[in-house]
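Undergrad: Give me the fold of what follows.
(chains A and B)
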Amino acid sequence: MQILAEAEDLPKTANIQTQLISLWMAPVFGAVLLIAFVAFPGFVPPMSPDMTAGQVAQFYRDNTAMIRFTMITFNLCGVMLLPFFMVIVIQMKRMATQSHVFAYCYLTAAVSGATLYALADIFYLVAAFRPDRNPELVMLLNDMAWMIFIAPVGAFVAQNVFLGLAIYFDDGPNPVFGRWVGHYAIATALAMAPAAGAAVFTTGPLAWNGGVSFWLRNGAFALFVVVMSVVLRNVLHRQAVEEGVAR
Amino acid sequence: MSSTVSAESLPGADPVHSAPSASAGKRDVWLVFWIVPAFFITFGVIFFALARVMPPPRPDVTTDQMAHFFHAHALTIQIGFGVLILIVGGAGAANGIIGYHMKRMTSGSVMAYAYMGAMSVGVLPGCLLVAFCFLTAVYRPNRDPQLLALLYDLGLLSYVGSLGCFSTMYFALAVAILYDKNQIFPKWLAYVSIWQIVTEIMAMPVFVSKAGPFAWNGSISFWIGVVVFGFWLCCVIVFLRKATDRQPVDEPHLD
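TA: Prediction:
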């Protein structure tokens, strides 16, 4: 995006630039999180709920360094995606044919979801902190870590439903997002919703290591961040052109 | 993309679609409003009928009795809290629409933001942590009873004892209502909200008292708070409906 010279110092230009920074945090920290994800010895393939307490404790003893690398990275960089979701809030507040109540709902749901993400890695790190603890206790921490990491999809599902509804209600002559983005947001919500079953099922596709709860859920989330990065970049460019700060 | 397109540059291009852009409308506010009672009814069914957190099981029982509680209610805990973690975003709808109507008050946006901030945080200690504790407890039926007892205490103390998020929320709501001249909510709802802070203060002893009126299932620490909260919630839903109903269709959207 090329900012016009005469618009460089205007507040409306800064509004575009800060959104661009927030937007670019998504691919940058997304890549960091992806590296951390692949580096975790218990993600590819995901740890099975069938492991005995002894095996879980052994896993934390054998892989302490990599568990710490991944989870400290998740801890530091995970919530760095929040500014990206705040760009979506700002764009929802540009929608002309609605009250913006969806934007506030999206904002509070995003914050609630981030608190859960910020909590999950702590449980992995506590389990790795003293892997010689009683194996029953290590397994308890591991169970809570996996459950909180995979199962609580409700906040993100709600965010995407609010985004989808907001896009459907943005039916004026100059909508912020294309209508397909609404369909895509709802589809992502539907793909991630079944992962709530990871809190209950110990085997099969809904268990926390299953195809639906682990791969479909995490894949849909990652793809959403990638697709929305491109979509939001185009939306921001259009906003900048409309407001006369860029070509 | 190359040319600036705005509503006024296309006068009458599409009268059907350009008409609503003059006003914000409020179909969306109504839609979000109806999520709120639907969410709280489901929430009530989950906490009262399925997860057996309401009324709370006793704090003054033996480790084996706590383990027995989880064994006896494993299935309904899994159904109830499994659904809860899927629909918990409904709390976002409630926070969003209350924050929205608070921003319509003449009292400024700061209390609306304080309300939304406090409640966004409150979701975790106030309802999700007990869900994780109970779901973890019943996930492996043969866990050591001492660990089940730990999850029992952690879940219930978090649920009954998360006082600050809600006190802050009630405070923000009360101040916003008292300074509002748009009469979005009636003034007496502010006094009910302040009374709610009193019930949160009366719940402080749950962290100390294992039996009696100040325990986490006690008549003072729990029941007075629950009754007043139920009354408060019904009032909020009724007045959200009135506020949405009275809002002019042509009111512009908020900053």
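Undergrad: When you work out contacts or count neighbours from here on, use the C-alpha atoms and nothing else.
TA: OK.
Undergrad: Test my guess that residue B:171 contacts residue B:195.
TA: No - if you go by Cα atoms under 8 Å, residue B:171 and residue B:195 don't touch, sitting 9.9 Å apart.
Undergrad: what helix or strand is residue 136 on?
TA: In the absence of a named chain, chain A is used. Applying DSSP states H and E as the criterion places residue A:136 in helix A:135-150.
Undergrad: wrong chain, I was asking about chain B
TA: Residue B:136 belongs to helix B:129-139 when assigned by DSSP H and E.
Undergrad: what helices or strands is whichever helix or strand comes after that helix leaning on?
TA: Reading on from helix B:129-139 to the C-terminus, the next helix or strand found by DSSP H and E is helix B:145-161. Other elements packing on helix B:145-161 under the criterion 3 or more Cα pairs under 8 Å, 6 or more residues apart in numbering or on different chains; DSSP states H and E are helix B:63-72, helix B:129-139.
Undergrad: ok and helix B:145-161 relative to helix B:129-139, angle-wise?
TA: Per axes from the mean of the first three to the mean of the last three Cα atoms, to 10 degrees, the angle that helix B:145-161 makes with helix B:129-139 is 160 degrees.
Undergrad: What are the buried residues along the helix or strand just after helix B:145-161?
TA: Moving toward the C-terminus from helix B:145-161, the next helix or strand (DSSP H and E) is helix B:164-179. Neighbour-count burial for helix B:164-179, counted by 16 or more other Cα atoms under 10 Å in any protein chain shown, picks out B:165-178.
Undergrad: Need the residues that contact helix B:164-179.
TA: Contacts with helix B:164-179, where a contact means Cα atoms under 8 Å, 6 or more residues apart in numbering or on different chains, come from B:102, B:105-108, B:111-112, B:114-116, B:118-119, B:121-122, B:183-187, B:189-191, B:193-194, B:196-197, B:200.
Undergrad: who's in contact with stretch A:178-190?
TA: Here stretch A:178-190 makes contact (Cα under 8 Å, 6+ apart) with A:156-158, A:160-161, A:163-168, A:220-221, A:224.
Undergrad: Leaving out the residues flanking it, which one is nearest to the residue of the stretch 151-255 of chain B found nearest chain A?
TA: Closest approach between the stretch 151-255 of chain B and chain A, counting by Cα to the nearest Cα: residue B:253, at 4.6 Å. Of all residues not flanking residue B:253 in the chain, residue A:99 sits nearest, at 4.6 Å (Cα to Cα, 6 or more residues apart in numbering or on different chains).
Undergrad: so the one you found touches residue B:32, yeah?
TA: No - judged on Cα under 8 Å, residue A:99 makes no contact with residue B:32 at a distance of 11.0 Å.
Undergrad: Which one's more surrounded, those two?
TA: residue A:99 (25 against 22; other Cα atoms under 10 Å in any protein chain shown).
Undergrad: Got the phi and psi for the more buried one?
TA: phi -80, psi -10 (degrees, to the nearest 10).
Undergrad: That one and residue B:90, how far apart?
TA: 19 Å (Cα to Cα, to the nearest Å).
Undergrad: try residue A:246
TA: The gap separating residue A:246 from residue B:90 is 39 Å, by Cα to Cα.
Undergrad: which of those two has more neighbours?
TA: residue B:90 (27 against 20).
Undergrad: Give the closest residue to that one in space, chain neighbours not counted.
TA: In space, residue B:90 is closest to residue B:39, 5.6 Å off (Cα to Cα, 6+ apart).
Undergrad: any idea how far residue B:236 is from residue B:178?
TA: For residue B:178, the distance to residue B:236 (Cα to Cα) stands at 15 Å.
Undergrad: for residue 157, what are its contacts?
TA: Here I'm looking at chain A. A:188-190, A:192-193, B:86, B:89.
Undergrad: not quite, I wanted chain B
TA: Here residue B:157 is in contact with B:206-207, B:216 (criterion: Cα under 8 Å, 6+ apart).
Undergrad: Export those residues as CSV, with columns for secondary structure, pLDDT and distance to residue A:20.
TA: Output for the contacts of residue B:157, formatted as CSV (DSSP: H, G, I helix; E, B strand; the rest coil; pLDDT from 0 to 100; distance: Cα to Cα, whole Å):
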residue, secondary structure, pLDDT, distance to residue A:20
B:206, helix, 94, 48
B:207, helix, 95, 47
B:216, coil, 93, 49
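Undergrad: Quick check on those: which are buried?
TA: Looks like the contacts of residue B:157 have B:206, B:216 buried, using 16+ other Cα under 10 Å.
Undergrad: Could you dump the contacts of residue B:157 into a markdown table with distance to chain A added?
TA: As requested, those are exported to a markdown table (distance: Cα to the nearest Cα, whole Å):
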| residue | distance to chain A |
| --- | --- |
| B:206 | 24 |
| B:207 | 23 |
| B:216 | 24 |
